[in-house]
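Q: sequence first, then the predicted structure, then my questions.
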Amino acid sequence: MIFDTHTHYSDPVFDEDREALLAGFCKAGVGRAVEVSASVSGLDGTLRLAQTHPQLYATVGVHPSECAEMTEETLAHMEELLSQPKAVAVGEIGLDYHWDEPDRETQKKWFRAQLALAARLDLPVVIHSRDAAQDTMEILREHRRGGGVPRESTDDGSRPQGVVHCYSYSPEQAREYVRMGYFIGIGGVVTFKNARKLREVVQDIPLGSLVLETDCPYMAPEPHRGERNSSLLLPLVTAKIAELKEISLEEVIRVTEKNAERLYGLD
Ligand code: NI
(Lines give C-alpha, C1' and ligand atoms only; values in the text may rest on other atoms or scores of the structure.)
Protein backbone atom coordinates (compact mmCIF):
# COMPACT_ATOMS: atom_id res chain seq x y z
CA MET A 1 0.00 0.00 0.00
CA ILE A 2 1.00 3.62 -0.43
CA PHE A 3 3.30 4.90 2.33
CA ASP A 4 3.17 8.68 2.89
CA THR A 5 6.55 9.60 4.39
CA HIS A 6 5.73 13.22 5.28
CA THR A 7 2.44 14.63 6.64
CA HIS A 8 1.25 17.44 8.91
CA TYR A 9 -2.16 16.20 10.08
CA SER A 10 -1.72 18.10 13.36
CA ASP A 11 -2.30 21.30 11.38
CA PRO A 12 -5.53 23.08 12.45
CA VAL A 13 -6.83 22.97 8.84
CA PHE A 14 -7.57 19.29 9.56
CA ASP A 15 -9.48 19.96 12.80
CA GLU A 16 -12.90 19.45 11.22
CA ASP A 17 -12.34 16.11 9.50
CA ARG A 18 -9.00 14.72 10.70
CA GLU A 19 -10.47 11.47 12.05
CA ALA A 20 -12.55 10.84 8.94
CA LEU A 21 -9.53 11.43 6.70
CA LEU A 22 -7.30 9.07 8.67
CA ALA A 23 -10.06 6.44 8.76
CA GLY A 24 -10.29 6.69 4.95
CA PHE A 25 -6.67 5.71 4.32
CA CYS A 26 -7.30 2.05 3.65
CA LYS A 27 -10.11 2.61 1.16
CA ALA A 28 -7.84 4.97 -0.81
CA GLY A 29 -4.99 2.43 -0.91
CA VAL A 30 -2.92 4.27 1.68
CA GLY A 31 -1.37 2.09 4.37
CA ARG A 32 0.74 4.20 6.70
CA ALA A 33 2.05 7.75 7.11
CA VAL A 34 4.71 9.57 9.11
CA GLU A 35 3.50 12.70 10.88
CA VAL A 36 6.29 15.28 10.86
CA SER A 37 6.73 17.85 13.60
CA ALA A 38 7.91 21.35 12.79
CA SER A 39 7.49 23.72 15.76
CA VAL A 40 8.63 23.65 19.39
CA SER A 41 5.03 23.96 20.61
CA GLY A 42 3.88 21.15 18.31
CA LEU A 43 6.35 18.44 19.35
CA ASP A 44 4.13 16.72 21.91
CA GLY A 45 0.94 16.92 19.84
CA THR A 46 2.58 15.36 16.79
CA LEU A 47 3.82 12.36 18.73
CA ARG A 48 0.48 12.00 20.54
CA LEU A 49 -1.38 11.89 17.20
CA ALA A 50 0.84 9.00 16.08
CA GLN A 51 0.49 7.19 19.39
CA THR A 52 -3.31 7.26 19.13
CA HIS A 53 -3.49 6.08 15.49
CA PRO A 54 -2.12 2.67 14.45
CA GLN A 55 -1.44 3.80 10.86
CA LEU A 56 0.78 6.75 11.93
CA TYR A 57 4.36 7.19 13.09
CA ALA A 58 5.99 10.48 14.11
CA THR A 59 9.17 12.48 13.81
CA VAL A 60 10.46 14.88 16.44
CA GLY A 61 12.25 18.04 15.35
CA VAL A 62 12.08 21.77 14.69
CA HIS A 63 11.83 23.30 11.19
CA PRO A 64 14.48 25.90 10.28
CA SER A 65 11.85 28.68 10.09
CA GLU A 66 10.85 27.89 13.70
CA CYS A 67 14.29 27.27 15.17
CA ALA A 68 14.68 30.71 16.82
CA GLU A 69 12.29 29.32 19.46
CA MET A 70 14.73 26.56 20.39
CA THR A 71 16.78 26.31 23.59
CA GLU A 72 18.94 23.62 25.17
CA GLU A 73 15.78 22.49 27.02
CA THR A 74 14.11 21.85 23.66
CA LEU A 75 16.86 19.39 22.76
CA ALA A 76 16.48 17.61 26.09
CA HIS A 77 12.71 17.39 25.60
CA MET A 78 13.20 16.09 22.06
CA GLU A 79 15.46 13.35 23.37
CA GLU A 80 12.81 12.31 25.90
CA LEU A 81 10.11 12.20 23.19
CA LEU A 82 12.40 10.25 20.81
CA SER A 83 12.62 7.46 23.38
CA GLN A 84 8.85 6.93 23.24
CA PRO A 85 6.88 4.46 21.07
CA LYS A 86 6.11 5.58 17.49
CA ALA A 87 8.94 8.15 17.32
CA VAL A 88 10.99 7.07 14.29
CA ALA A 89 13.21 9.99 13.19
CA VAL A 90 14.51 13.49 13.87
CA GLY A 91 12.81 16.10 11.67
CA GLU A 92 11.97 18.14 9.92
CA ILE A 93 15.25 19.98 10.31
CA GLY A 94 17.45 21.90 7.88
CA LEU A 95 17.95 25.28 6.26
CA ASP A 96 15.45 27.63 4.59
CA TYR A 97 17.07 30.69 3.02
CA HIS A 98 13.89 31.65 1.17
CA TRP A 99 13.06 33.80 4.20
CA ASP A 100 15.48 36.18 5.95
CA GLU A 101 14.38 35.12 9.44
CA PRO A 102 15.78 33.40 11.44
CA ASP A 103 19.23 34.51 10.24
CA ARG A 104 21.46 31.91 8.60
CA GLU A 105 23.81 31.46 11.53
CA THR A 106 20.88 30.68 13.86
CA GLN A 107 19.51 28.16 11.36
CA LYS A 108 22.88 26.44 10.95
CA LYS A 109 23.44 26.29 14.71
CA TRP A 110 20.15 24.46 15.40
CA PHE A 111 20.45 22.30 12.28
CA ARG A 112 23.82 21.05 13.51
CA ALA A 113 22.54 20.61 17.07
CA GLN A 114 19.59 18.48 15.92
CA LEU A 115 21.83 16.45 13.58
CA ALA A 116 24.15 15.79 16.52
CA LEU A 117 21.19 14.52 18.54
CA ALA A 118 20.15 12.21 15.68
CA ALA A 119 23.72 10.94 15.31
CA ARG A 120 23.98 10.22 19.01
CA LEU A 121 20.61 8.44 19.14
CA ASP A 122 21.39 6.63 15.87
CA LEU A 123 18.18 7.84 14.19
CA PRO A 124 17.44 8.86 10.59
CA VAL A 125 16.78 12.53 9.76
CA VAL A 126 14.09 14.28 7.71
CA ILE A 127 15.75 17.20 5.89
CA HIS A 128 14.00 20.41 4.80
CA SER A 129 16.21 22.48 2.48
CA ARG A 130 15.08 25.45 0.41
CA ASP A 131 17.34 27.86 -1.49
CA ALA A 132 20.23 26.52 0.61
CA ALA A 133 21.72 23.77 -1.55
CA GLN A 134 25.40 24.35 -0.82
CA ASP A 135 25.23 24.86 2.94
CA THR A 136 22.91 21.86 3.36
CA MET A 137 25.26 19.61 1.44
CA GLU A 138 28.29 20.85 3.39
CA ILE A 139 26.66 20.32 6.77
CA LEU A 140 25.28 16.89 5.86
CA ARG A 141 28.74 15.77 4.71
CA GLU A 142 29.85 16.19 8.34
CA HIS A 143 26.94 14.14 9.67
CA ARG A 144 26.80 10.43 10.19
CA ARG A 145 24.17 8.56 12.14
CA GLY A 146 25.50 6.59 15.06
CA GLY A 147 28.59 8.84 15.12
CA GLY A 148 31.87 7.63 13.71
CA VAL A 149 33.73 8.92 10.72
CA PRO A 150 31.59 10.50 7.96
CA ARG A 151 31.96 8.61 4.73
CA GLU A 152 31.43 9.83 1.19
CA SER A 153 29.67 6.66 0.20
CA THR A 154 27.18 4.56 2.12
CA ASP A 155 25.81 2.49 -0.75
CA ASP A 156 27.25 -0.61 0.89
CA GLY A 157 23.92 -1.80 2.25
CA SER A 158 24.31 0.11 5.51
CA ARG A 159 21.38 1.85 7.15
CA PRO A 160 19.94 4.95 5.51
CA GLN A 161 20.87 8.39 6.84
CA GLY A 162 17.48 9.96 6.14
CA VAL A 163 15.44 11.69 3.47
CA VAL A 164 15.76 14.99 1.64
CA HIS A 165 12.10 15.90 1.72
CA CYS A 166 10.26 17.85 -1.03
CA TYR A 167 13.42 17.63 -3.10
CA SER A 168 13.98 20.80 -5.16
CA TYR A 169 17.59 20.74 -6.38
CA SER A 170 19.44 19.32 -9.39
CA PRO A 171 19.65 15.70 -10.57
CA GLU A 172 23.43 15.83 -9.93
CA GLN A 173 22.92 16.77 -6.28
CA ALA A 174 20.23 14.11 -5.94
CA ARG A 175 22.73 11.49 -7.07
CA GLU A 176 25.19 12.84 -4.51
CA TYR A 177 22.61 12.57 -1.70
CA VAL A 178 21.81 9.01 -2.73
CA ARG A 179 25.53 8.17 -2.57
CA MET A 180 25.59 9.65 0.95
CA GLY A 181 22.75 7.35 2.03
CA TYR A 182 19.69 9.58 1.64
CA PHE A 183 16.32 8.93 0.06
CA ILE A 184 14.76 11.58 -2.19
CA GLY A 185 11.20 12.66 -1.21
CA ILE A 186 8.81 13.13 -4.14
CA GLY A 187 5.40 14.78 -3.76
CA GLY A 188 2.80 16.88 -5.57
CA VAL A 189 5.36 19.18 -7.18
CA VAL A 190 6.26 16.44 -9.69
CA THR A 191 2.83 16.99 -11.30
CA PHE A 192 3.26 20.77 -11.68
CA LYS A 193 3.71 22.22 -15.17
CA ASN A 194 6.97 24.01 -14.27
CA ALA A 195 8.63 21.03 -12.53
CA ARG A 196 10.87 19.93 -15.40
CA LYS A 197 13.94 19.61 -13.17
CA LEU A 198 12.15 17.42 -10.62
CA ARG A 199 10.83 15.15 -13.37
CA GLU A 200 14.44 14.71 -14.51
CA VAL A 201 15.34 13.72 -10.96
CA VAL A 202 12.57 11.09 -10.93
CA GLN A 203 13.75 9.67 -14.27
CA ASP A 204 17.38 9.71 -13.21
CA ILE A 205 17.30 8.35 -9.64
CA PRO A 206 16.57 4.61 -9.24
CA LEU A 207 13.15 3.81 -7.78
CA GLY A 208 14.98 2.16 -4.86
CA SER A 209 16.01 5.62 -3.62
CA LEU A 210 12.67 7.44 -3.96
CA VAL A 211 9.93 7.79 -1.32
CA LEU A 212 6.40 9.19 -1.67
CA GLU A 213 5.26 12.16 0.41
CA THR A 214 2.46 14.70 0.52
CA ASP A 215 3.77 17.39 2.91
CA CYS A 216 0.02 17.85 3.43
CA PRO A 217 -1.79 20.22 3.86
CA TYR A 218 0.64 21.78 1.36
CA MET A 219 1.76 20.82 -2.16
CA ALA A 220 -1.45 19.25 -3.51
CA PRO A 221 -0.82 17.59 -6.90
CA GLU A 222 -2.49 18.68 -10.15
CA PRO A 223 -5.40 19.07 -10.78
CA HIS A 224 -5.80 20.08 -7.12
CA ARG A 225 -2.86 22.50 -6.97
CA GLY A 226 -3.48 25.17 -4.31
CA GLU A 227 -6.14 23.14 -2.50
CA ARG A 228 -5.70 21.38 0.85
CA ASN A 229 -3.60 18.26 0.29
CA SER A 230 -3.94 14.86 2.01
CA SER A 231 -2.54 11.34 1.62
CA LEU A 232 -5.68 10.43 -0.32
CA LEU A 233 -4.27 12.41 -3.30
CA LEU A 234 -1.01 10.43 -3.42
CA PRO A 235 -2.27 8.13 -6.20
CA LEU A 236 -1.86 11.16 -8.52
CA VAL A 237 1.83 11.40 -7.59
CA THR A 238 2.26 7.64 -7.89
CA ALA A 239 0.75 7.73 -11.38
CA LYS A 240 3.12 10.50 -12.48
CA ILE A 241 6.17 8.57 -11.24
CA ALA A 242 4.97 5.40 -13.00
CA GLU A 243 4.54 7.38 -16.23
CA LEU A 244 7.98 9.01 -15.98
CA LYS A 245 9.77 5.75 -15.23
CA GLU A 246 7.61 3.71 -17.63
CA ILE A 247 6.75 1.12 -14.99
CA SER A 248 3.51 -0.05 -13.37
CA LEU A 249 1.68 1.73 -10.56
CA GLU A 250 1.98 -1.45 -8.50
CA GLU A 251 5.77 -1.43 -8.78
CA VAL A 252 5.99 2.21 -7.69
CA ILE A 253 3.80 1.52 -4.65
CA ARG A 254 5.54 -1.73 -3.69
CA VAL A 255 9.11 -0.42 -3.96
CA THR A 256 8.50 2.98 -2.34
CA GLU A 257 6.71 1.28 0.57
CA LYS A 258 9.76 -0.92 1.14
CA ASN A 259 11.98 2.16 0.87
CA ALA A 260 9.91 3.98 3.50
CA GLU A 261 10.16 1.00 5.85
CA ARG A 262 13.97 1.00 5.45
CA LEU A 263 14.14 4.79 5.86
CA TYR A 264 12.25 4.77 9.16
CA GLY A 265 13.57 1.45 10.45
CA LEU A 266 10.20 -0.33 10.27
CA ASP A 267 11.43 -3.38 8.40
NI1 NI B 1 6.84 19.41 5.96
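A: Structure received. Numbers count the residues shown, from 1 in each chain.

Q: tell me how far Val42 lies from Glu227.
A: Let me fix one detail, which is that residue 42 is Gly and not Val. The gap separating Gly42 from Glu227 is 23 Å, by CB to CB, to the nearest Å. (C-beta placed from N, C-alpha, C; glycine too.)

Q: the two: which is more packed in?
A: Neighbour comparison, Gly42 and Glu227: the larger count goes to Gly42, with 18 against 11 (by other CB atoms under 10 Å).

Q: how about that one, what does it touch?
A: Applying CB atoms under 8 Å, 6 or more residues apart in numbering, we find Gly42 in contact with Ser10.

Q: what does the pLDDT read for it?
A: At Gly42 the predicted local confidence, pLDDT, stands at 96.

Q: state the distance from it to Arg130.
A: Between Gly42 and Arg130 the computed distance is 19 Å (CB to CB).

Q: same deal with Ala239?
A: Separation of Ala239 from Arg130 (CB to CB): 26 Å.

Q: these two - which one has more neighbours?
A: In this comparison of Ala239 against Arg130, neighbours counted by other CB under 10 Å, the higher total goes to Arg130 at 17 against 14.

Q: verify the stated contact: that one with Tyr97.
A: Yes. Taking contacts as CB atoms under 8 Å, Arg130 lies within contact range of Tyr97: 6.8 Å.

Q: direction included, what does the one helix or strand Ile184 maps to pair against?
A: Secondary structure assigned from DSSP states H and E places Ile184 in strand 182-186. The sheet places strand 182-186 alongside strand 162-164 (parallel), strand 210-212 (parallel), with pairing taken from DSSP bridges.

Q: just put those strands in JSON lines and tack on distance to Glu222.
A: Written out in JSON lines, the entries for these read as follows (distance: least, CB to CB, whole Å):
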{"stretch": "strand 162-164", "distance to Glu222": "22"}
{"stretch": "strand 210-212", "distance to Glu222": "16"}
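
Q: I'd like those as JSON lines, with mean neighbour count, mean pLDDT and distance to Val13 appended.
A: Written out in JSON lines, the entries for these read as follows (neighbours: other CB atoms under 10 Å; pLDDT from 0 to 100; distance: least, CB to CB, whole Å):
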{"stretch": "strand 162-164", "mean neighbour count": "28", "mean pLDDT": "98", "distance to Val13": "24"}
{"stretch": "strand 210-212", "mean neighbour count": "27", "mean pLDDT": "98", "distance to Val13": "21"}
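
Q: these: which one's closest to Glu80?
A: With respect to Glu80, and counting by CB to CB, the nearest of the strands paired with strand 182-186 is strand 162-164 at 21.0 Å.

Q: in the stretch 51-200 of the chain, which spans are strands?
A: Assigned strands in the stretch 51-200 of the chain, in chain order: 56-60, 87-96, 125-130, 162-164, 182-186 (criterion: DSSP state E, counting those that start in this stretch).

Q: for the residue nearest to the spatial centre of the chain, give me its contacts.
A: Most central residue of the chain, judged by C-alpha distance to the mean C-alpha position with CA atoms, centre = their mean, is His165 at 4.1 Å. With contacts defined as CB under 8 Å, 6+ apart, His165 is in contact with Thr5, His6, Val36, Gly91, Glu92, Val126, Ile127, His128, Gly185, Glu213, Asp215.

Q: I'd say the first one and Glu213 touch.
A: By that I understand Thr5. Yes. In this structure, Thr5 sits in contact with Glu213. The criterion is CB under 8 Å, and the distance is 4.6 Å.

Q: any common contacting residues for the two?
A: When contacts are counted by CB under 8 Å, 6+ apart, Thr5 and Glu213 have His165, Gly185 as shared neighbours.

Q: which stretches of the stretch 151-267 of the chain have low pLDDT?
A: 151-157 (pLDDT under 70).

Q: tally of neighbours for Leu198?
A: By other CB under 10 Å, neighbour count at Leu198 equals 24.

Q: no wait, Ile2
A: Close neighbours of Ile2, defined as other CB under 10 Å, add up to 24.
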